[in-house]
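[1] Provide a 3D model corresponding to the input given below.
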Amino acid sequence: MLNCETLRGAGKLFLRVSRLLRDYRLILLFALVFNFSLQADAENLNSDSSQATLKAEQESLLQQITGKVANDSQGAAQVVWEALRSGALPEEQIIPLVQRSDQLQIALCKICAELELGNLKTGNANSDLQQSINKLGLAQCQTELEHLRKLYSDAKSFQGKEDAVAVVALRDFTKSDLEKKFLEEEITVFISQLARKNIEKSQSNIALRQLAEIDLAYRSESVFSIASSAIETTLANLEGQEFWPFADEKVKGLVEQLEASNPQATQSLLAIFTWRVFAALKNQDSEAARQAFDQILLRRPDPSEDNAKLRFELALNAKGPELRAFARSRIDELKLAHQLNYLMRLRLLFSGFYGMFFPVILTLALLIAISSLILPGMGIKFPVFQYLKKIIPEKTIPGYLRPRDGVDEYSRLLHQFGLDDAATDDEIKQQYRRFVKEYHPDTNPDPARVEQFIKLKATYEKILAMRKNRFGN
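    Model prediction:
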């Protein structure tokens with residue numbers, strides 16, 4: 001490169017020569033040479049400046065990577081990957097840096113795994129990714145990618161067979177957070193679709209168990225919506241369920257989450273557990289009845305009138321020693337809460353809740369009492385009635401009951417009046433007025449007729465008294 005003094009001396013020399021020779025083309029030639037020289041100097045200056053800038057940028061990237069490796073290895077790996085793909089850093093600078101840091105290698109493997117998972121989902125093979133892995137010498141990363149491909153292939157294969165158990169079992173084979181995230185997303189989508197199919201088949205109990213396998217972090221509103229449909233289907237088809245899903249701890253957790261987001265589901269669950277209590281009573285399953293009752297109390301705490309009614313109905317339907325013991329505990333709770341009235345106690349007594357001795361004795365006594373009053377009048381005699389006739393004094397029961405000898409006094413008195421049992425009040429009064437006209441002492445002073453009138457009047461008064469006892473006023 002020529003400096004300014006040299007160019008100034010050369011310019012003076014060319015000017016003198018051109019004047020002596022009177023040839024000014026030498027001046028033009030000098031100008032061209034001078035221009036070319038300036039352009040070459042400018043290019044050299046630009047080249048030196050670009051190289052300096054590139055070197056400064058590379059040093060900045062290296063410092064950035066070195067500074068992030070300890071605290072943010074994933075961020076450092078992202079910078080390394082971008083620099084490698086864009087050529088911002090030469091490979092001879094990147095490779096030693098990667099080989100010296102285990103954290104950086106692990107972070108780079110995560111980036112490669114994410115890229116490979118994206119390729120698997122789109123079905124595209126990326127040879128550049130494999131070349132970059134080979135350049136960086138990430139042998140461990142190659143092993144992880146092979147495991148990821150195997151996991152992806154198995155998950156899709158089991159989903160095609162609708163094998164939910166096998167898909168969920170793949171959780172035990174995940175090694176990285178990326179694989180876990182991918183698998184949980186696949187499980188959520190797959191089980192949601194499978195649960196919808198089972199609900200359409202009225203197999204809501206299976207659907208609930210399947211939905212319970214979805215990880216807590218992935219239970220979205222869509223999952224809870226499917227669970228609500230499963231519960232409503234269960235309520236509509238309680239007798240058709242092959243097994244009881246709500247004893248499973250995972251299902252309980254799912255239902256609790258559902259109730260927190262959808263309070264309406266609680267009412268459906270109360271109806272389901274109430275049915276479960278009585279179904280368990282029918283099947284003599286005291287443990288199932290106890291569990292279902294506890295679930296009801298969790299959702300509808302005491303004091304509650306509905307819970308009181310449930311306890312009472314449970315006691316009326318309990319059979320067997322274990323269920324009776326469970327029912328007695330529930331009745332004791334009613335007593336402590338002062339919710340057991342006398343009518344309820346009487347019903348429990350006759351139902352045999354306190355034992356069959358009292359119902360049998362009361363029933364026999366009632367049958368004997370009714371039979372002793374009705375059967376003798378029908379001409380049916382039993383030794384027991386003969387014995388009762390001896391110990392019970394002869395007595396006419398006022399009104400409509402027969403005397404012990406089987407004769408109806410009310411009918412006899414009506415017959416004396418010339419009337420039958422179906423006589424009305426008006427007919428009795430008219431008959432009495434006719435007797436008054438015929439036998440009254442004012443119209444007929446005959447002593448015999450007077451005595452007959454007195455008897456007829458007494459009979460009339462007895463008839464009125466008996467009708468009052470029979471029919472009221």
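
[2] wait, doesn't Phe293 sit right on Leu281?
    No: counting by CB atoms under 8 Å, Phe293 stays clear of Leu281, with 10.4 Å between them. Backbone N, C-alpha and C define where each C-beta goes, glycine included.

[3] overlap in contacts, these two.
    Counting by CB atoms under 8 Å, 6 or more residues apart in numbering, the contacts common to Phe293 and Leu281 are Leu314.

[4] and stretch 285-295, what's buried?
    Buried residues in stretch 285-295, counted by 16 or more other CB atoms under 10 Å: 285-286, 288-293, 295.

[5] least confident secondary structure element in the chain?
    helix 383-391 (a mean of 54; mean pLDDT, DSSP states H and E).

[6] next secondary structure after it?
    helix 409-416 (DSSP states H and E).

[7] elements contacting the host helix or strand of Phe158?
    Assessed by DSSP H and E, Phe158 sits inside helix 139-160. Contact partners of helix 139-160 among helices and strands, from 3 or more CB pairs under 8 Å, 6 or more residues apart in numbering; DSSP states H and E: helix 102-122, helix 127-136, helix 164-169, helix 177-200.

[8] same list (those helices) but as TSV, adding mean neighbour count and mean pLDDT.
    Shown next, in TSV, are the helices and strands packed on helix 139-160 (neighbours: other CB atoms under 10 Å; pLDDT from 0 to 100):
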stretch	mean neighbour count	mean pLDDT
helix 102-122	18	79
helix 127-136	14	70
helix 164-169	16	85
helix 177-200	18	88
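
[9] so which of those gets nearest Asp302?
    helix 177-200 (34.1 Å; CB to CB).

[10] dump that closest one to CSV, keeping only the CA atoms.
    Taking C-alpha atoms only, helix 177-200 is exported to CSV below (Å, rounded to 0.1, in the frame of the first residue of the first chain):
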residue,chain,number,x,y,z
ASP,A,177,-39.1,-35.0,30.7
LEU,A,178,-39.6,-34.7,27.0
GLU,A,179,-40.7,-38.3,26.7
LYS,A,180,-43.0,-38.0,29.7
LYS,A,181,-44.6,-34.9,28.3
PHE,A,182,-45.1,-36.5,24.9
LEU,A,183,-46.5,-39.7,26.4
GLU,A,184,-48.9,-37.9,28.7
GLU,A,185,-50.3,-35.8,25.8
GLU,A,186,-50.8,-39.0,23.8
ILE,A,187,-52.5,-40.7,26.8
THR,A,188,-54.8,-37.8,27.3
VAL,A,189,-56.0,-37.7,23.7
PHE,A,190,-56.2,-41.4,23.3
ILE,A,191,-58.1,-42.1,26.6
SER,A,192,-60.5,-39.3,26.0
GLN,A,193,-61.4,-40.8,22.6
LEU,A,194,-61.7,-44.3,24.1
ALA,A,195,-63.9,-43.0,27.0
ARG,A,196,-66.3,-41.4,24.6
LYS,A,197,-66.7,-44.7,22.8
ASN,A,198,-67.4,-46.5,26.1
ILE,A,199,-70.0,-44.0,27.2
GLU,A,200,-71.8,-44.5,23.9
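
[11] and it, what does it pack onto?
    Judged by 3+ CB pairs under 8 Å, 6+ apart, helix 177-200 is in contact with helix 102-122, helix 139-160, helix 164-169, helix 204-211, helix 221-236.

[12] who's in contact with that helix?
    By CB under 8 Å, 6+ apart, helix 177-200 touches 110, 113-114, 117, 147-148, 151-152, 155, 159, 162, 164, 167-168, 170-171, 174, 204, 206-208, 210-211, 213-215, 217-218, 220, 222-223, 226, 229-230, 233.

[13] ok and it relative to helix 221-236, angle-wise?
    30 degrees (axes from the mean of the first three to the mean of the last three CA atoms, to 10 degrees).

[14] circling back: now restrict the contacts of helix 177-200 to buried residues only.
    Here, 16+ other CB under 10 Å leaves 110, 113, 117, 148, 151-152, 155, 159, 164, 167-168, 170, 174, 204, 206-208, 210-211, 213-214, 223, 226, 229-230, 233 buried among the contacts of helix 177-200.

[15] circling back to that earlier point, could the helices and strands packed on helix 177-200 be laid out in JSON lines, adding distance to Arg299?
    Listed next are these as JSON lines, based on distance: least, CB to CB, whole Å:
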{"stretch": "helix 102-122", "distance to Arg299": "43"}
{"stretch": "helix 139-160", "distance to Arg299": "36"}
{"stretch": "helix 164-169", "distance to Arg299": "29"}
{"stretch": "helix 204-211", "distance to Arg299": "17"}
{"stretch": "helix 221-236", "distance to Arg299": "13"}
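
[16] residues touching the residue nearest the centre of the chain, list them.
    Central residue of the chain (CA atoms, centre = their mean): Val255, 3.1 Å from the mean position. Listed by CB under 8 Å, 6+ apart, the contact set of Val255 reads 208, 227, 231, 246, 265, 269.

[17] next secondary structure element downstream of the helix or strand the fifth one falls within?
    Read it as Ala265. Using DSSP H and E, Ala265 sits within helix 264-282. Downstream of helix 264-282, the first helix or strand assigned by DSSP H and E is helix 286-299.

[18] picking that back up, would you mind giving the helices and strands packed on helix 139-160 as TSV with distance to Arg276 added?
    TSV is the format used below for these (distance: least, CB to CB, whole Å):
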stretch	distance to Arg276
helix 102-122	44
helix 127-136	56
helix 164-169	25
helix 177-200	20
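
[19] ok, Leu367 to Leu348 distance?
    22 Å (CB to CB, to the nearest Å).

[20] neighbour-wise, which of the two wins?
    Taking neighbours as other CB atoms under 10 Å, Leu367 and Leu348 compare with Leu348 leading, 17 against 10.

[21] would you quantify the distance from the more buried one to Asn317?
    Leu348 is 11 Å from Asn317, by CB to CB.

[22] what sits in contact with each of the two?
    With CB under 8 Å, 6+ apart, Leu348 and Asn317 have no common neighbours.

[23] about what we covered before: the residue nearest to the centre of the chain: what secondary structure?
    The local conformation at Val255, judged by DSSP: H, G, I helix; E, B strand; the rest coil, is helix.
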